[in-house]
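1. Below: sequence and its predicted model.
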Amino acid sequence: MAALVFANLSLQRQRDMFDRLFSKVVVRCGTYVTSHTRCRQSMSQTTTIYGPPVNTSIPNVDCTLQTCSLLQGPFTYVPSLGGNAFFAALFGLLIAVQLILGLYYRTVGFTIGMITGLILEMVGYASRIAMHFNPFPSTPFLMYAETVSR
C-alpha cells in the first residue's frame, strides 16, 4: 500500500520525502558532516553535515577526517565512542555473568554458545571504537559487520 502511495507522488515530492527521511543529519556546527543537504538558517545552533569534498587522489585506507569526506567511508557518520564503549563493557560483564551461571547450573553447551556470541559482540563493538578514531579503513568495518549483525 505504501509503495502505491509513494509511486503516485510527483517526482519532486518523492525527492523531498527521500531527503527528509534519509539525507538530513543534524549535528553541532563546526564538526565534520556527511551529507549533501543544506544548512537551515532557522537552526543557528546546528547545521547539516558537510566535510571536505570527496578526495579521489588518496586511497580510502590513507584517508583521515581532515583529508577526505565521510562519504568515502563505510558509514556517513563517525561512530559514537561512549555508546560503543558502553556496549563493549556490557557484553564483557555479561560474559562473566554467563560463565558463573553456566558453571553453577552445569549447562556447558549453552554456556559455550552464549560466551561465543558475547565475545563476537564485544569484537564488533571494539571495531566500532576503532572506527571512531579512523572511519575509513575497511578492516574494522568488516569486523563489525560480520560479528554484530549476525
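-> In hand now; what should we look at? Residues are numbered from 1 along each chain as shown.

2. How about the contacts made by residue 128?
-> Taking C-beta atoms under 8 Å, 6 or more residues apart in numbering, we find residue 128 in contact with 79, 84, 140, 144, 148. From N, CA and C alone the C-beta is placed, and that goes for glycine too.

3. Need the residues you listed in JSON lines (columns: pLDDT and distance to residue 106).
-> Output for the contacts of residue 128, formatted as JSON lines (pLDDT from 0 to 100; distance: C-beta to C-beta, whole Å):
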{"residue": "79", "pLDDT": "93", "distance to residue 106": "39"}
{"residue": "84", "pLDDT": "96", "distance to residue 106": "34"}
{"residue": "140", "pLDDT": "92", "distance to residue 106": "38"}
{"residue": "144", "pLDDT": "92", "distance to residue 106": "34"}
{"residue": "148", "pLDDT": "80", "distance to residue 106": "30"}
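
4. which one of these is nearest residue 114?
-> Ranked by distance to residue 114 (C-beta to C-beta), those are led by residue 148 at 15.8 Å.

5. Now for the closest one, how many residues are close by?
-> Residues near residue 148, counting by other C-beta atoms under 10 Å, number 17.

6. quick one on the thing from earlier: tell me the one among the contacts of residue 128 nearest to residue 119.
-> For the contacts of residue 128, the nearest to residue 119 is residue 148 (11.8 Å; C-beta to C-beta).

7. Could you give me the buried positions within stretch 127-136?
-> In terms of neighbour count (16 or more other C-beta atoms under 10 Å), stretch 127-136 has its buried residues at 127-132, 135-136.
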